[in-house]
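Peer 1: Model the structure of this input:
(one chain, ligands or ions: 1)
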Amino acid sequence: MPNVAENLNVPPPNHVLVLDGQGWIGLVDQMGTETSIVNAARVSFGKIRQVMDQRDAALVKYLIANHHTSPLEHVMFTFLVHCPLFVRSQWHRHRTWSYNEISRRYTNEDITFYLPGALREQAESDRQASKVAEHINQDECRSLIAKHHAASLRLFERLLAEGVCREQARGVLPQNMMTTFWATVDLNNLIKFIELRDSPHAQSEIREYGQAIKKLITPIVPHVAEVLNWS
Ligand SMILES: Cc1cc2nc3c(=O)[nH]c(=O)nc-3n(C[C@H](O)[C@H](O)[C@H](O)COP(=O)(O)OP(=O)(O)OC[C@H]3O[C@@H](n4cnc5c(N)ncnc54)[C@H](O)[C@@H]3O)c2cc1C
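Peer 2: Numbers count the residues shown, from 1 in each chain. Purely as a prediction, here's the structure:
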């Protein structure tokens with residue numbers, strides 16, 4: 001059974017908070033260990049080992065260094081992710097994950113919005129990037145964003161009260177709306193995700209989730225974490 005609360009908007013027991021505590025990611029299910037990796041790699045010898053030794057640790061290192069990555073696919077993780085819609089959009093570009101998400105066609109409860117703790121300025125050098133703000137009036141801009149969230153929610157509720165269906169009314173809710181999704185991935189594709197999303201090129205909000213994933217899975221794959229310098 002996945003280790004998860006009945007209400008999926010509540011973080012599961014094994015979780016890491018991100019985005020100033022407004023978002024979180026939990027590890028709710030898992031299959032395989034590093035022994036699964038070395039056993040898969042050595043399957044051609046027809047032998048199975050139950051416990052990792054130093055040679056197995058060296059084999060994990062060799063597999064990753066030489067891109068012999070299919071044995072990593074025998075380790076799987078399921079996460080429950082609570083994040084803003086714009087993070088969800090970036091995440092779901094990773095096609096090798098399996099996803100299921102809460103639907104605003106079915107429920108209009110628990111609607112919350114991400115309010116950034118610190119707003120950043122646009123970077124001049126890179127149109128995709130941002131930098132620490134020097135000229136932004138943080139209090140005023142954050143207050144404007146909070147007002148916009150509240151006005152959007154009022155409009156959404158007004159539309160529902162007017163009889164508009166949820167699937168159309170949700171169109172007025174902004175990108176900062178929090179969503180929750182269930183996501184399963186194998187270790188090989190998870191490593192690719194972390195390389196892309198815990199990178200200085202990635203948006204800092206999704207980067208926090210990439211870093212949280214490292215914290216959650218390092219106890220399960222410590223040698224992989226060591227080879228990839230995750231600490
Ligand atoms: C910093 C950053 C900026 C980005 N900016 C943009 C942007 O401006 N616009 C935009 O549209 N996207 C953008 N992306 C998304 C990016 O183009 C990829 O869609 C995303 O990173 C997923 O990578 P992926 O395809 O390797 O992952 P996955 O979909 O998980 O695939 C993992 C690997 O599986 C293989 N694979 C999966 N599906 C296929 C397939 N159909 N055919 C062949 N091989 C496949 C590939 O080897 C792939 O690398 C950005 C990503 C990052 C990290």
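Peer 1: Show me what the helix of greatest length in the chain is packed against.
Peer 2: Ranked by residue count and defined by DSSP state H, the top helix of the chain is helix 138-161. For helix 138-161, the packing partners by 3 or more C-beta pairs under 8 Å, 6 or more residues apart in numbering; DSSP states H and E come out as helix 166-169. In short, each C-beta sits where N, CA and C put it, glycine included.
Peer 1: what's the following helix or strand after the helix it packs on?
Peer 2: strand 178-186 (DSSP states H and E).
Peer 1: Who does that following strand pair with, and is each partner parallel or antiparallel?
Peer 2: strand 76-84 (antiparallel), strand 98-101 (antiparallel) (DSSP bridges).
Peer 1: I'd like those strands as JSON lines, with mean pLDDT, mean neighbour count and distance to the ligand appended.
Peer 2: Shown next, in JSON lines, are these (pLDDT from 0 to 100; neighbours: other C-beta atoms under 10 Å; distance: least, C-beta to the nearest ligand atom, whole Å):
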{"stretch": "strand 76-84", "mean pLDDT": "97", "mean neighbour count": "23", "distance to the ligand": "14"}
{"stretch": "strand 98-101", "mean pLDDT": "96", "mean neighbour count": "12", "distance to the ligand": "11"}
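Peer 1: need those strands in a markdown table with distance to V221, can you?
Peer 2: Output for those, formatted as a markdown table (distance: least, C-beta to C-beta, whole Å):
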| stretch | distance to V221 |
| --- | --- |
| strand 76-84 | 10 |
| strand 98-101 | 20 |
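Peer 1: How many residues are close by the residue nearest to V51 when sequence neighbours are not counted?
Peer 2: Nearest residue to V51 in three dimensions, chain neighbours excluded: T35, at 7.0 Å (C-beta to C-beta, 6 or more residues apart in numbering). Look at T35: counted by other C-beta atoms under 10 Å, it has 16 neighbours.
Peer 1: Sketch out the low-pLDDT regions of the protein for me.
Peer 2: 1-2, 44-45, 105-108 (pLDDT under 70).
Peer 1: need the strands for the protein, in chain order.
Peer 2: 15-18, 23-31, 76-84, 98-101, 120-122, 130-132, 178-186 (DSSP state E).
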